[in-house]
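Asker: got a predicted model here, sequence first, then my questions.
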Amino acid sequence: MQLDAKIPGGPLAEKWDRHRFELKLVNPANKRKFEIIVVGTGLAGGSASASLAELGYNVKTFCIQDSPRRAHSIAAQGGINAAKNYTNEGDSIWRLFYDTIKGGDFRAREANVYRLAQVSNNIIDQCVAQGVPFARDYGGLLANRSFGGAQVQRTFYARGQTGQQLLLGAYSALMRQVGTGKVKMFPRREMLDIVVINGKARGIVARNLITGEIETHTGDAVVLCTGGYGNVYFLSTNAMASNATAAFRAYKKGAYFANPCFTQIHPTCIPVHGDYQSKLTLMSESLRNDGRVWVPKNPEDKRRPHQVPESERDYYLENKYPSFGNLVPRDVASRNAKEQCDMGKGVGETGLAVYLDFEDAIKRDGKAAIEKKYGNLFQMYEKITAENPYETPMMIYPAIHYTMGGLWVDYNLMSTIDGLFVLGEANFSDHGANRLGASALMQGLADGYFVLPYTIGGYLTGTTLEEVTTGHSAFKESVTSVNDSIEKLLSINGNKTVDDFHKQLGHIMWDYCGMARNDEGLKKAKGMVQQLREEFRENVLVPGSKKDFNQSLERAGRVADFLEFGELMLTDAISRQESCGGHFNEAYQTEENEALRDDENFCHVSAWEFTGKDKEPVLNKEELKFENVELTQRSYK
Amino acid sequence: MTKTINLNLKVWRQKGQNKKGRLETYKAVDISTDMSFLEMIDVINEQLTHKGKEPVAFDHDCREGICGMCGAVVNGRPHGPEMGTTLCQLHMRHFSDNDTIVIEPWRSRAFPVIKDLAVDRSALDKMIQAGGFISINTGGAQDANAIPVPQEAAELAMDAAACIGCGACVAACPNASPMLFVSAKVSQFALLPQGKPEAAKRAISMVREMDRLGFGNCTNERECEAECPKEISITNIARLNREYFKAGFLSAEK
Ligand SMILES: Cc1cc2nc3c(=O)[nH]c(=O)nc-3n(C[C@H](O)[C@H](O)[C@H](O)COP(=O)(O)OP(=O)(O)OC[C@H]3O[C@@H](n4cnc5c(N)ncnc54)[C@H](O)[C@@H]3O)c2cc1C
Ligand code: FES
């Protein structure tokens, strides 16, 4: 299929305005006749549900957790970007656009990223008006800090709880609409299928997680805001329920999956310490504003950090990248940490950690100032590790954190299934091969508050939607297949638990499709994943019954999907014979070990099309055209 | 230093809302003191699964102390013995070898048990629906810096806004009152210029909803503050009361 991104014409800076003018409007009285299904209540789904309802649409919103306020967005720590230039450092929409495109290693769509930078400012205005308590300076104006990949301070924050505060803002707007009756909220539901009728998304099938009931819902359009798939690695910074299921099942119904191998490894997480561990904890990137990253110069130096004199420390990021220093983008910082550890300079019990040291910052600004900025992060670190980071440097190591890949969408955020829109981390759109810090919150809210509410109207006015009911044969087929797969999982009665399989899959993905990849490893991993999947289908043990609150069954369904999805990631990684951003194929690197792109052959989005269970998918390409920026080798020196 | 300990667990098992529950005893062997409390339950659950039994149902998601999904009463204390700590951030190094640990769900009329340790806290959302917001539609906002907010007010608002909505305050209170939860939201908005116009109405609507849902009232027991994993201060309740009374005197909307 020829992929049409539907990018509006005209100069970059005018595209969005022009498009909004050209989109047909739904008149207010008619909005009431439409019913929109929103799946997910993170920043993307929460903001979209509230904004659609405010416009007059009838909205049905679904989430897995017991309350929409608990979506994974709640855990975001560091901040949200906007091009306000309140700091007078010369920031602008253009600079935020450029930094994001460059940070993404030139694998994102110019028009989308530009629009993102444009609406970034509206987001901050909106959130302040909702009562989000952003940090302020002494004069009572909003404070900013720096994040990786940028040389200006454009990140707005609420202590180390920015995601929480932004989500509570969107959640309160959503609750207000639930109160008015415009949004009907369905918590503790898991969407298990999209129903497509005459080529259009017309509903979903969901499982009621308390009763086990399989429910069907019709809609005039479906909006997926189901987050990222980082948990394919088992250990990640994502919340436990984060999954690929909703997106993957949409893929199986005809939505293309774009760039699945673009995953982000965050440089500053608390290192792994035991095989019972259930997740990894992020230490916000904002810490790199004040913390200095170092390792001992000599390999296998087992002294405590304080015993290593200044002259025997290697502040490798500052030395190697003098202009960005500790604030290089995440992919660069992660790879460098790995490199140091591979050279035997890693610290801590496992040797898989580097120091993040606040001694100089505390000397310079005082403990109180540091505590004010990062107090809750330091406290969290101490709770987990029982070490006091005010006195001893933190130990950190990279971990899976974010997934740039996602369902392919056009400029209107519509997937290859008509009427199926995808927002937030679940789509692939704005971050290319590497996301800059504080840009996911921005994108989620941009999509939900300021993009979808317009573009969905354009779709609804331009299409004819016949009446459908849940009695339609497409719903029945969907329910049957969902029921069959649930029953299959419960009937296997094997010897290994769901977690056993999930952990095994995670190891394979981390070892072969993690920070550094090579063809041989990727191919080997593909075989291993196929084998593991076969074994799962014969030997998984899922206790309990289907008509019940059954968390093992929930996880089993997600892991079954991860076992198929993992292979898609590997297939994508093998096909992309270049390095870019988070996708680092060892065969393609510069002399200085930076990712080496191949713009001639790979300046495209890889959008994968499902062709049948366990069959090889088909690759469709969307060529990326850069008309406004020059493609360069990224340099942060 | 990492070491391992053995524990006797007494865990509340209850098949469903209207079923009878009881404490069951499990042995937790070779538990690393670096584990979190929930990881310790994971270990038990893996063992139960291998034995063909149903694992213990419990809510959790972020495991970072921020989503508010986890929570159980551990040895009589919501979220266990550590101050200012959610259950997911409680580590086993705070327990000793051969300890007996009793694990029960939140108990409150407004939070029915769903299964084992998982309860239904939708009442908390209902109170927010009643007024826990600032009435502004998307698109209507002025420039974010148009109204300066004194730093101190912003910091106090943030202190209140740190509430994770876990329900521990209700579980801790002898009257099962959610006053700390309600007051945190009312305070956050009352402290900010953006929230002031609706402050009175908000206080009244939320408190009214609280009563309607069958929650108990606050009689200043202060248990909520002591058990709150985010250390939300009881001064917020004083602020709520002020707003509420102001509203009663001044507002036409009663
Ligand atoms: C620890 C951490 C810190 C971060 N810090 C930052 C930061 O400082 N700045 C920044 O910009 N970004 C940050 N990020 C990234 C950012 O938080 C996420 O990318 C973003 O919040 C994703 O929002 P979302 O709305 O797309 O999805 P999510 O918030 O993940 O929400 C997904 C929603 O979908 C629902 N859902 C999923 N599957 C189903 C299903 N099958 N059926 C029904 N519902 C379903 C869930 O219940 C949930 O409501 C951080 C991420 C992590 C992990
Ligand atoms: S699991 Fe999120 S607060 Fe404990």
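Answerer: Everything's here; your move. Numbers count the residues shown, from 1 in each chain, chains lettered A, B, ... in the order given. Ligands and ions are numbered 1, 2, ... in the order given.

Asker: next up, the contacts around residue 171.
Answerer: I'll assume chain A. With contact set as C-beta atoms under 8 Å, 6 or more residues apart in numbering or on different chains, A:Tyr171 has these partners: A:41, A:46, A:68-69, B:128. From N, CA and C alone the C-beta is placed, and that goes for glycine too.

Asker: not quite, go with chain B.
Answerer: B:Ala171 neighbours (C-beta under 8 Å, 6+ apart): B:71, B:73, B:78, B:106-108, B:111, B:227.

Asker: which of those residues count as buried?
Answerer: B:71, B:73, B:78, B:106, B:108, B:111, B:227 (16 or more other C-beta atoms under 10 Å in any protein chain shown).

Asker: where does the closest residue in space to the third one that isn't next to it in sequence land on pLDDT?
Answerer: Read that as B:Pro78. Nearest residue to B:Pro78 in three dimensions, chain neighbours excluded: B:Ala168, at 3.9 Å (C-beta to C-beta, 6 or more residues apart in numbering or on different chains). If you check B:Ala168, the pLDDT there is 98.

Asker: cool, and A:Tyr316?
Answerer: For A:Tyr316, pLDDT reads 97.

Asker: pretty sure it is touching A:Val293, no?
Answerer: Yes. With contact defined as C-beta atoms under 8 Å, A:Tyr316 reaches A:Val293; the gap is 7.1 Å.

Asker: compare the two (neighbour count), which wins?
Answerer: A:Val293 (27 against 20; other C-beta atoms under 10 Å in any protein chain shown).

Asker: I'd say that one and A:Tyr315 touch.
Answerer: Yes. The criterion here is C-beta under 8 Å, and A:Val293 meets it with A:Tyr315 at 6.8 Å.

Asker: ok, back up a step: what is the neighbour count of the residue nearest to B:Pro78?
Answerer: 28.

Asker: next: B:Ile147.
Answerer: Neighbours of B:Ile147 (other C-beta under 10 Å): 14.

Asker: that one - nearest residue in space that isn't next to it in sequence?
Answerer: B:Pro193 (5.2 Å).

Asker: so how far is B:Val73 from B:Pro55?
Answerer: 19 Å (C-beta to C-beta, to the nearest Å).

Asker: separation between B:Gly68 and ligand 2?
Answerer: 5 Å (C-beta to the nearest ligand atom, to the nearest Å).

Asker: no wait, B:Cys218
Answerer: 24 Å.

Asker: can you give me the pLDDT of that residue?
Answerer: At B:Cys218, pLDDT is 94.

Asker: shouldn't it be in contact with B:Met179?
Answerer: Yes. Using C-beta under 8 Å, B:Cys218 makes contact with B:Met179 at a distance of 3.8 Å.

Asker: please say which of the two ends up with more neighbours.
Answerer: With neighbours defined as other C-beta under 10 Å, B:Cys218 and B:Met179 compare such that B:Met179 has more, 25 against 22.

Asker: show me what contacts the more buried one?
Answerer: B:169, B:173, B:210, B:217-218, B:224, B:237, B:240.

Asker: does the residue nearest to A:Val232 when sequence neighbours are not counted sit in a helix, a strand or a coil?
Answerer: The shortest distance from A:Val232 to any non-neighbouring residue, by C-beta to C-beta, 6+ apart, is to A:Phe562 (4.7 Å). What DSSP: H, G, I helix; E, B strand; the rest coil gives for A:Phe562 is helix.

Asker: with A:Arg249 instead?
Answerer: helix.

Asker: and A:Glu622, helix, strand or coil?
Answerer: strand.

Asker: what residues does it make contact with?
Answerer: Neighbouring residues of A:Glu622 by C-beta under 8 Å, 6+ apart: A:3, A:5, A:258, A:408, A:604-605, A:607.

Asker: so how far is B:Trp12 from the residue nearest to B:Pro78?
Answerer: 16 Å.

Asker: then A:Phe584?
Answerer: When A:Phe584 is compared with B:Trp12 (using C-beta to C-beta), they lie 48 Å apart.

Asker: what segments of the stretch 1-150 of chain A are helices?
Answerer: All helices of the stretch 1-150 of chain A, identified by DSSP state H, counting those that start in this stretch, fall at A:15-22, A:28-31, A:43-55, A:93-103, A:110-130.

Asker: the longest one: how far from the chain's middle?
Answerer: For helix A:110-130, the distance from its own C-alpha centre to the chain's C-alpha centre is 18 Å (C-alpha atoms, centre = their mean, to the nearest Å).

Asker: understood, closing this out.
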